[in-house]
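Student: Build me a structure from this.
(one chain, ligands or ions: 1)
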Amino acid sequence: MKIHNQNSRRKFLQLIGATSLITATSPLSSFAAQAKAEERILRYDKKIGSIDKVRLGVIGYGVQGHFDLATALKVPGVELAGICDLYTGRLENAKEQFGKELYTTNNYMDLLDRKDIDAVFICTTDVWHARITIDALKKGKHVYCEKPMVYKISEGYPVMDAAKKYGKVLQVGSQRVSSIGYAKAKELLAAGEIGKLNMVNAVYDRQSSIGAWEYTIPKDANPMTTNWDKFIEATEKMSFDAKKFFWWRAFKEVGTGVAGDLFIHLLSGTHFMTNSLGPETIYSTGQFSYWNDGRNMPDVMSGVMQYPKAKEHDAFQMTLQVNFISGTGGQEIIRLVGSEGTIEVNGNNLSIKHSLMPEAPGFGGYDSLFTFSKSMQDEMQKDYNAKWTTDQRNKKTKEAIFFKVPEGYNDHLDHITNFFDSVRTGKQVVEDATFGFRAAAPALSCNESYFTRKIIQWDPVEMKLK
Ligand SMILES: NC(=O)c1ccc[n+]([C@@H]2O[C@H](COP(=O)([O-])OP(=O)(O)OC[C@H]3O[C@@H](n4cnc5c(N)ncnc54)[C@H](O)[C@@H]3O)[C@@H](O)[C@H]2O)c1
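Tutor: The predicted structure is shown next:
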């Protein structure tokens, strides 16, 4: 069904914010940022006139399932058709929210069998992502799958193959890939704003129990209410453990730790900005610092990755860090370091600082010169003065630049809108299965490196472990 509705267009523009107005009055915004923001509104202005209705099913209606669905329903033409979850309380919550008539089930295959569903969001525990994605594509559904695309590296090719074979849209849910802030950073990096990239330092720190994944466990959690037998169909057989159901990230049997939860965001963002296909060596180390709650995945972890020189970029190193008991109070920063400056990505905002070397080599000051005889010092100073002008000896300066996205800007809405654009128009998705796998594999390799204490060798072009 086509929608020709000015009201929904207006409503949508309100939801994404009065972008052009806000950027115009922001003292930090550049002309380029304004142009970018205005371009987004124009893009939607064009499309909104005739958009197909898309009927959506949600599989996994926990925290992110709620956020993803609420965001999807802001996109005009998207309608909720059904919700699947294993925990009874979340299906009750779904009916409380959307009415008793809403189709709900705890069997995702039943939801996939429904003819009135065009697309599904997969927001389950990581261990189920690959299996449900393949089943959904096979059933002819378009898929938006949360990150990490896979729980195991061996699942990557089957998912990529299914995306090709069934010809449906598959987009992975790393919303930073659709951020106008990240797009600006990508553009500036390619334009040589910070010289040649040689290092990326990425940090995602937290300091709270919720941040460390200790979400509230409902009082009625038991093997029946959580459909535990179904839950462990995708894992090794385990007796019921409410923590493994509700705090799954912290357990290797069901989750992927900080690497799969947060390194993956830092990797997706970095791959997007640098156009990189990925690293060739991966090393990681971790420790248990504070959250003594039975978890078997570290709460403090670092990774070091070597990205080889490629046609897309020069060789660079990436360091990744997550600290769940960080006295910083929490921070999320990706700092791209080049030979002439840095781009710091903080949330969706950017700060660009420059540091340029003088043309002339150093001479004097903290140098060996003062240790020579007076006559040698004088003679060499004369030579230096004759060779280099004052201008060549001075460090050049270049102003810092800040880019702020408009207030209320939401990269998640952009990412989900991009997904529905692809569903409707068949245009290339912003984060396809290959991109998703190229980010997931190094993240998962961090866990492998942590457990085996080995450096993992990865072929980023062929996407294979070496
Ligand atoms: N893009 C982001 O910024 C972002 C943020 C948070 C979470 N996530 C991702 O979203 C996913 C869900 O995370 P969450 O925080 O919502 O977890 P959650 O524990 O709150 O919710 C997961 C839900 O999946 C359900 N589930 C598990 N297996 C199922 C199955 N076979 N069929 C149907 N339902 C099933 C569970 O019952 C649970 O309600 C994860 O993959 C996570 O990495 C992404």
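
Student: Just give me how far stretch 82-97 sits from the chain centre.
Tutor: 27 Å (CA atoms, centre = their mean, to the nearest Å).

Student: can you give me the mean pLDDT across that stretch?
Tutor: The predicted model assigns stretch 82-97 a mean pLDDT of 98.

Student: do stretch 201-214 as well
Tutor: pLDDT averaged over stretch 201-214 gives 98.

Student: So what sits opposite His284 in the bridge?
Tutor: His isn't right for residue 284; it's Ser. Ser284 has these beta-bridge partners by DSSP bridges: Gly303.

Student: how close does it get to the ligand?
Tutor: Using CB to the nearest ligand atom, to the nearest Å, Ser284 is found at 18 Å from the ligand. Placement of C-beta: from N, CA and C, glycine included.

Student: and what of Lys138?
Tutor: Distance from Lys138 to the ligand, counting by CB to the nearest ligand atom: 16 Å.

Student: Tell me where the stretch 151-300 of the chain has strands.
Tutor: 170-173, 197-205, 281-287, 300-307 (DSSP state E, counting those that start in this stretch).

Student: again with the stretch 301-450 of the chain
Tutor: Under DSSP E, counting those that start in this stretch, the stretch 301-450 of the chain gives strands at 316-323, 331-338, 341-346, 349-354, 401-403.

Student: Can you say which of those strands is nearest to Gly257?
Tutor: strand 316-323 (8.9 Å; CB to CB).

Student: Give me the contact list for that closest one.
Tutor: With contacts defined as CB atoms under 8 Å, 6 or more residues apart in numbering, strand 316-323 is touched by 197-206, 258, 262-263, 266-267, 270, 274, 279, 289, 299-307, 446.

Student: Can you tell me the strand partners of it and which way each runs?
Tutor: strand 197-205 (parallel), strand 300-307 (antiparallel).

Student: what sits up against the shortest one?
Tutor: Where contact means CB under 8 Å, 6+ apart, the residues beyond strand 300-307 that reach it are 257-259, 263, 274, 276, 278-289, 313, 315-325, 442, 446, 449-450, 460.

Student: Ok, stretch 437-448 next?
Tutor: Counting by CB under 8 Å, 6+ apart, 147-153, 156, 159-160, 172, 174, 252, 256-257, 259-260, 263-264, 267-268, 271, 277-279, 282, 284, 297, 301, 303, 305, 320, 454, 456, 458, 460, 463, 465 sit against stretch 437-448.

Student: and the residues you listed, which are buried?
Tutor: 147-151, 153, 156, 159-160, 172, 174, 256-257, 259-260, 263-264, 267-268, 271, 277-279, 282, 284, 297, 301, 303, 305, 320, 456, 458, 460, 463 (16 or more other CB atoms under 10 Å).

Student: Next up, the contacts around the residue of the stretch 351-466 of the chain found nearest the ligand.
Tutor: Residue nearest to the ligand within the stretch 351-466 of the chain: His412 (7.3 Å; CB to the nearest ligand atom). For His412, the contact set (CB under 8 Å, 6+ apart) comprises 67-68, 71, 175.

Student: Just the buried residues from those, in PyMOL please.
Tutor: Selection of buried members from the contacts of His412 for PyMOL, criterion 16+ other CB under 10 Å:
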select buried, resi 68+71+175
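
Student: ok, the contacts of His412 vs Ala242, which is closest?
Tutor: Nearest to Ala242 among the contacts of His412, counting by CB to CB, is Phe67 at 22.5 Å.

Student: Could you find the closest non-adjacent residue to the closest one?
Tutor: Computed as CB to CB, 6 or more residues apart in numbering, the closest residue to Phe67 that is not its neighbour in sequence is His412, at 7.1 Å.

Student: What is the burial count for whichever residue of the stretch 1-150 of the chain sits closest to the ligand?
Tutor: The minimum distance from the stretch 1-150 of the chain to the ligand, using CB to the nearest ligand atom, falls at Gly62 (1.9 Å). The number of residues packed near Gly62 is 19, by other CB atoms under 10 Å.

Student: any idea how far the most centrally placed residue in the chain lies from Ala440?
Tutor: Centroid-nearest residue in the chain: His265, 3.0 Å away (criterion: CA atoms, centre = their mean). Using CB to CB, to the nearest Å, we find His265 at a distance of 11 Å from Ala440.

Student: overlap in contacts of these two?
Tutor: Joint contacts of His265 and Ala440 (CB under 8 Å, 6+ apart) are Lys147.

Student: Gly195 reaches Glu340, doesn't it?
Tutor: Yes - contact between Gly195 and Glu340 holds when scored by CB atoms under 8 Å: they sit 3.2 Å apart.

Student: so which of the strands of the stretch 301-450 of the chain is the most packed in?
Tutor: strand 316-323 (a mean of 22; mean count of other CB atoms under 10 Å).

Student: tell me the angle that strand makes with strand 331-338.
Tutor: Calculated by axes from the mean of the first three to the mean of the last three CA atoms, to 10 degrees, strand 316-323 forms an angle of 170 degrees with strand 331-338.

Student: Between strand 281-287 and strand 316-323, find me the angle.
Tutor: Using the same axes, to 10 degrees: strand 316-323 against strand 281-287 is 20 degrees.

Student: near the ligand, which residues of this protein show up?
Tutor: 59-65, 84-87, 90, 108, 123-126, 128, 146-147, 173, 175, 230-231, 246, 261 (CB under 6 Å from any ligand atom).

Student: Give me the buried subset of the residues you listed.
Tutor: Restricting the residues of the chain next to the ligand to buried positions leaves 59-62, 64-65, 84-87, 90, 108, 123-126, 128, 146-147, 173, 175, 231, 246, 261, with burial counted as 16+ other CB under 10 Å.

Student: what's around Ala142, how many residues?
Tutor: Rather than Ala, residue 142 is His. Number of residues near His142 (other CB under 10 Å) recorded here: 23.

Student: Touching, it and Asp421? I think so.
Tutor: No - counting by CB under 8 Å, His142 sits too far from Asp421 to count as a contact (11.5 Å).

Student: Which positions in the lengthiest helix in the chain come out as buried?
Tutor: As assigned by DSSP state H, the longest helix anywhere in the chain is helix 433-452. By 16+ other CB under 10 Å, the buried positions in helix 433-452 come out as 433-450.

Student: what about Val143, which SS state?
Tutor: Secondary structure state of Val143, per DSSP: H, G, I helix; E, B strand; the rest coil, is strand.

Student: Show the contacting residues for it.
Tutor: Counting by CB under 8 Å, 6+ apart, Val143 touches 119-120, 122, 133, 136-137, 168-171.

Student: pLDDT of whichever helix or strand Gln457 is part of, averaged?
Tutor: Assigned by DSSP states H and E, Gln457 falls within strand 456-459. Summarised as a single mean, pLDDT over strand 456-459 is 98.

Student: swap in stretch 132-145?
Tutor: The average pLDDT for stretch 132-145 rounds to 98.

Student: Could you confirm Val58 falls within a strand?
Tutor: Yes - when classified by three-state DSSP, Val58 is found to be part of a strand.

Student: quick one: contacts for the closest residue to the ligand within the stretch 151-300 of the chain?
Tutor: The ligand sits closest to Gly173 of the stretch 151-300 of the chain, with a gap of 4.7 Å, by CB to the nearest ligand atom. Counting by CB under 8 Å, 6+ apart, Gly173 touches 68, 123, 144-147, 415, 431.

Student: how about 10 Å then?
Tutor: With contact set as CB atoms under 10 Å, 6 or more residues apart in numbering, Gly173 has these partners: 64, 68, 121-123, 129, 144-149, 268, 412, 415-416, 419, 431, 436.
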